[in-house]
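Asks: prediction below, plus the sequence it came from.
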Amino acid sequence: MSRQPAQNPAMDALLETLDLERLEIRLFRGQSPQVGWQRVFGGQVIGQALVAATRTVEEPGRFVHSLHAYFVRPGDPAVPILYDVENIRDGGSFATRRVVAIQHGKPIYFMTVSFQDDEDGFEHQAPMPDVPPPEQLLGEADLKAQFMTQAPAHIRAYWERPRPIELRPVSLTHYFSRDKLEPSQNIWVRTTGPVPAERHLQAAVLAYLSDMTLLDTSLFAHGTSVLDRSLQVASLDHAMWFHRPPVLDDWLLYSQDSPSAFGGRGMTRGAIFTRSGTLIASVAQEGLIRKKATE
């Protein structure tokens, strides 16, 4: 059963962050929330770049079906991000755009994104994993009460910050164990406030949340997490396929596995399902997961 979340300031702030200022026909400016982060969250750049590309597609029934991106420099949350969109092609049923995100005169991110008219065709999908529903799992308030009081200050700060996306991991073992565990996880996710029923915007919010927890999954096999301060962790690239229209009025299951880590890089795959089991998106990401150099 779907439910519409109550209004939430963090969700409102995300929607405002995704509402870019248009400077020219294919040039946009985005802002970053001032929440104390040292660098811009990758999901924000993915979402903003997708909004920029979408606003240059004039065909009203043409929606994103895939994107492929690289993070080349860390984003600076103290200054705006410029999004320069190049119109690669407008075809009979597809459109292609290339977006470059720029700060301090240099690219920090670039993305190719493809849009397609809705059409009928063959259909199949992988099944959703059999996991407990989110109502049977600990909520974030319960997690904070039970586990955060004894956590280090930087971990408490991460979890206690108001966020637009709520996470409910099916298993908490990975987060409170130093054992080397299977590099896979299932996480229920949902927005903490309503998202307007506008398909382009819902796709941008889904792209935003798709960057969450992926690098953690690649570190489970090594008994550590992205909160380990001895690690240098960053997204390197990101690919996403939008199989079916996104639905953000209820919980989604984000199922992830990491097939490989090598050379200081970890690769993770993800599948995003509705509660009823419909596969709406697939994700692949490789990230930097290396030990920091010691003096």
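Replies: Looks like it came in fine. Numbers count the residues shown, from 1 in each chain.

Asks: residues near D19, how many?
Replies: 13 (other Cβ atoms under 10 Å). For glycine as for every other residue, the C-beta is placed from the backbone atoms N, C-alpha and C.

Asks: mind listing what it touches?
Replies: V51 (Cβ atoms under 8 Å, 6 or more residues apart in numbering).

Asks: low-scoring stretches of the chain, by residue?
Replies: 1-7, 36, 144-159, 175-176, 294-295 (pLDDT under 70).

Asks: show me the strands in it, by range?
Replies: 21-24, 27-30, 62-71, 81-90, 94-103, 106-117, 165-169, 184-191, 231-242, 252-262, 265-274, 279-291 (DSSP state E).

Asks: so the fifth one versus strand 81-90, what angle?
Replies: Here strand 94-103 points in a direction 160 degrees away from that of strand 81-90 (axes from the mean of the first three to the mean of the last three Cα atoms, to 10 degrees).

Asks: again with the longest one
Replies: If you take the same axes, to 10 degrees, strand 279-291 sits at 130 degrees to strand 81-90.

Asks: report the buried residues of strand 279-291.
Replies: Of all the residues in strand 279-291, those buried under the rule 16 or more other Cβ atoms under 10 Å are L279, I280, A281, S282, V283, A284, Q285, E286, G287, L288, I289.

Asks: which elements pack onto that strand?
Replies: helix 199-210, helix 214-219, strand 231-242, strand 265-274 (3 or more Cβ pairs under 8 Å, 6 or more residues apart in numbering; DSSP states H and E).

Asks: what strands line up against that strand, and which way round?
Replies: strand 231-242 (antiparallel), strand 265-274 (antiparallel) (DSSP bridges).

Asks: looking at those, which is nearest to W37?
Replies: With Cβ to Cβ as the criterion, W37 lies closest to strand 231-242 of the strands paired with strand 279-291, at 12.9 Å.

Asks: chain center to the closest one, what's the gap?
Replies: 9 Å (Cα atoms, centre = their mean, to the nearest Å).

Asks: equivalent analysis for stretch 198-206, please.
Replies: With Cα atoms, centre = their mean, you get 12 Å for stretch 198-206.

Asks: quick one: residues in contact with that stretch.
Replies: 14-15, 18, 47-48, 50-51, 54, 63-64, 191, 195-196, 242, 245-248, 272, 280-281.

Asks: one more pass at 7 Å, please.
Replies: Stretch 198-206 has contacts (Cβ atoms under 7 Å, 6 or more residues apart in numbering) with 18, 47, 50-51, 54, 63-64, 191, 195, 242, 245-246, 248, 281.

Asks: want to throw the residues you listed into CSV with distance to A10?
Replies: CSV is the format used below for the contacts of stretch 198-206 (distance: Cβ to Cβ, whole Å):
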residue, distance to A10
L18, 13
G47, 14
L50, 20
V51, 18
T54, 23
F63, 26
V64, 24
T191, 9
V195, 12
F242, 24
P245, 24
P246, 19
L248, 15
A281, 22
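
Asks: ok, so of these, who is nearest R29?
Replies: Using Cβ to Cβ, the contacts of stretch 198-206 come closest to R29 at V51, 11.6 Å.

Asks: burial count for S93?
Replies: Count around S93 with other Cβ under 10 Å applied: 12.
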